[in-house]
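S.K.: Build me a model from this:
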Amino acid sequence: MEETYAIEVDHISKRFKIYLDKGHEIKDYVTSSRRRKYENREVLKDVSFKVKKGEAIGLIGHNGCGKSTTLKLLTKIMYPDSGTITMRGRVSSLIELGAGFHPDMSGRENIYINASIFGLTKKEIDRRLDDIIAFSELEEFIDNPVRTYSSGMYMRLAFAVAINVDADILLIDEILAVGDVNFQAKCFNRLREIKAEGTTIVIVSHSMSQIEQICERSIWIHEGLVREEGAPTTVDEHYLDYMGRMHSQAKAAKTGIKGEESKKKNKTDSQEEKTGKTKNAETAGDTGKAGNVKSFGTADHAQDSPGQNTEPETVQRNTRITRVCLCDRDGQEKSRFRCGEPVQLRIAYQADLSELDNPLIGLKFIRNDALVCYGTNTEREQIRNIPFHEKGTLYCNIERLNLAPGEYWIDVAFRNFDMTALDYAEKCCCFQMYSTVNEIGVARLDHTWQFED
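M.R.: Here you go, the predicted model:
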């Protein structure tokens, strides 16, 4: 192994036997052939990477991709079917919460047992005991049986032991997801300290902010293979974008299934609908074909255009918003963005020019809890005489999308100057925001700090 590397993973593969109906007694295997059948599921397929001494890396990927299996192979809890793993130095791991703790022993006794598993002698543990207890903040409960601890107390004790054994390599699997905000901040500060001391760190996490705060490199594992590795800000963004596309496709597929069910229901109700439309047409008189066009003129959206008529529009228009999407600075359509990233909103449309009378465009950015985060329209911004064509695309360039982390959607509206509705597209573009900073609130405020000497 090269001297500069603390970890070297060379073409490892790992398979598991997944039984179709596993029995627990001998007679189960004798009486049922099905309980002897299994399939080999390959979790890791020729994975290779190296980690330098003192480097911190993050393993990312969707559930079941092989992240935790990789970490368990590094700790030698299990071994690869092929390939080799070479580790240099003392290894400390936080794989399973409270693994190795005896429930009937006290927290103090479990510190000695757990630390000895990591290779410390009794004298070394004696020297570190007070620091471990102080970090865990369990002084009041340290002599109580561990079975009386909550999951948060388990985590505190396990983490306190793991980071106080002076390990050369620290392996962490989602352990920072447990605990209150103050203790998480304390853990992060301690991780930064031990990283500065030269400890090699490998973290498995679904929190991109954790990865980007601690790690110099991310490794994206996808379907048992290393799909990409590099700077966290780049790899994490590609991973989140991929997950956003998968979510959108799954949502579209689910909507398609519901759509088929809706068609069947609509077919049975067709006669009633026809009757209803006939009555509506008679009531509407000469106002035009009855429809169900949503607009900023409805009661739900009256606040977007003060003073307008709040009665629902019933006239069917031929001008339509056909597609809305957000793109990054390179013009790539995406559904996940970093806070503060420049974006371009694209609105494709088709128009009946005879319907247009100095039209305006309205936008609303809405959080997934229905909180309106921002709204505007071109009339408020004194933008008039917008050139429309029979078919085209409108662009809104946003220099910094400063929404706080979360899920959002966009509503887009077309209206004539007299506020008659042309088209209203509700939730026409859904997207997510993420950040490397644990921010709260609705939006990020651009700011700098200044301190006097």
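S.K.: Determine how far stretch 106-120 lies from the middle of the whole chain.
M.R.: The gap between where stretch 106-120 is centred and where its chain is centred comes out at 36 Å by C-alpha atoms, centre = their mean, to the nearest Å.
S.K.: What lies in contact with that stretch?
M.R.: By C-beta atoms under 8 Å, 6 or more residues apart in numbering, the surrounding residues in contact with stretch 106-120 are 90-92, 100-102, 105, 122, 124-125, 128-129, 132-133, 136, 138, 141-146, 149, 157-158, 161-162, 164-165, 167. Just so you know, the C-beta spots here come from the backbone N, C-alpha and C atoms, and that holds for glycine as well.
S.K.: again, but for stretch 432-442
M.R.: 208-209, 212-213, 233, 240, 244, 335-339, 367, 371, 373, 401, 403-408, 444.
S.K.: try 6 Å
M.R.: Outside stretch 432-442, the residues that touch it by C-beta atoms under 6 Å, 6 or more residues apart in numbering are 208-209, 212, 336-337, 339, 373, 403-407.
S.K.: try stretch 203-213
M.R.: Outside stretch 203-213, the residues that touch it by C-beta under 6 Å, 6+ apart are 58-59, 67-68, 71, 172-174, 176, 218, 232, 236, 434, 436.
S.K.: now do stretch 40-51
M.R.: With contact meaning C-beta under 6 Å, 6+ apart, stretch 40-51 is reached by 5-16, 18, 57, 66, 69, 200, 219, 224-226.
S.K.: What pLDDT is listed against Asn144?
M.R.: At Asn144, the pLDDT value in this model is 93.
S.K.: And it, how far from Met153?
M.R.: Distance, Asn144 to Met153, by C-beta to C-beta, to the nearest Å: 9 Å.
S.K.: So between these two, which is more surrounded?
M.R.: The residue with more neighbours, out of Asn144 and Met153, is Met153; 19 against 14, by other C-beta atoms under 10 Å.
S.K.: How about the more buried one, nearest residue that isn't a chain neighbour?
M.R.: Leaving aside its sequence neighbours, Met153 sits nearest to Leu138 (C-beta to C-beta, 6 or more residues apart in numbering; 6.1 Å).
S.K.: can you check His102 too?
M.R.: Asn110 (6.2 Å).
S.K.: low-confidence ranges in the stretch 351-453 of the chain?
M.R.: Scanning the stretch 351-453 of the chain with the threshold set as pLDDT under 70 gives 438.
S.K.: how about a cut-off of 90?
M.R.: Applying pLDDT under 90 to the stretch 351-453 of the chain flags residues 355, 357, 367-371, 379-380, 382, 384-385, 404-407, 417-421, 426-427, 432-453.
S.K.: cool, the stretch 151-300 of the chain as well?
M.R.: Counting by pLDDT under 90, the stretch 151-300 of the chain has low-confidence residues at 151-167, 172-198, 205-215, 223-224, 231-300.
S.K.: How about the contacts made by Lys72?
M.R.: Met78.
S.K.: That one - that's part of a helix, no?
M.R.: Yes: per DSSP: H, G, I helix; E, B strand; the rest coil, Lys72 lies within a helix segment.
S.K.: Just to check, Leu157 is in contact with Phe135?
M.R.: No: contact between Leu157 and Phe135 fails when scored by C-beta atoms under 6 Å: they sit 9.3 Å apart.
S.K.: Looking at these two, which is more packed in?
M.R.: Just comparing Leu157 and Phe135: by other C-beta under 10 Å the higher neighbour count belongs to Leu157, 28 against 20.
S.K.: mind listing the strands for the stretch 251-400 of the chain?
M.R.: 320-327, 336-338, 341-350, 360-367, 372-377, 391-401 (DSSP state E, counting those that start in this stretch).
S.K.: before we move on, the earlier item: name the nearest of the contacts of stretch 203-213 relative to Tyr38.
M.R.: Using C-beta to C-beta, Ser68 is the member of the contacts of stretch 203-213 that lies nearest Tyr38, at 21.2 Å.
S.K.: pLDDT score assigned to the closest one?
M.R.: Looking at Ser68, the pLDDT reads 87.
S.K.: Now for it: which residues touch it?
M.R.: Counted by C-beta under 6 Å, 6+ apart, Ser68 has contacts 173, 204.
S.K.: Let me know the secondary structure of it.
M.R.: Ser68 is classified as helix under three-state DSSP.
S.K.: quick one: it from Ile410, how far?
M.R.: Ser68 is 37 Å from Ile410, by C-beta to C-beta.
S.K.: and if you look at Asn40?
M.R.: 46 Å.
S.K.: Show me which of those two is the more surrounded one.
M.R.: More crowded of Asn40 and Ile410, by other C-beta under 10 Å: Ile410, with 22 against 9.
S.K.: Could you pull up phi and psi at the more buried one?
M.R.: The phi/psi pair for Ile410 (degrees, to the nearest 10) reads phi -120, psi 140.
S.K.: Can you spell out which residues form a bridge with it?
M.R.: Ile410 has the following beta-bridge partners by DSSP bridges: Phe365, Cys429.
S.K.: so it touches Cys429, yeah?
M.R.: Yes: between Ile410 and Cys429 there is a contact under C-beta under 6 Å: 4.3 Å.
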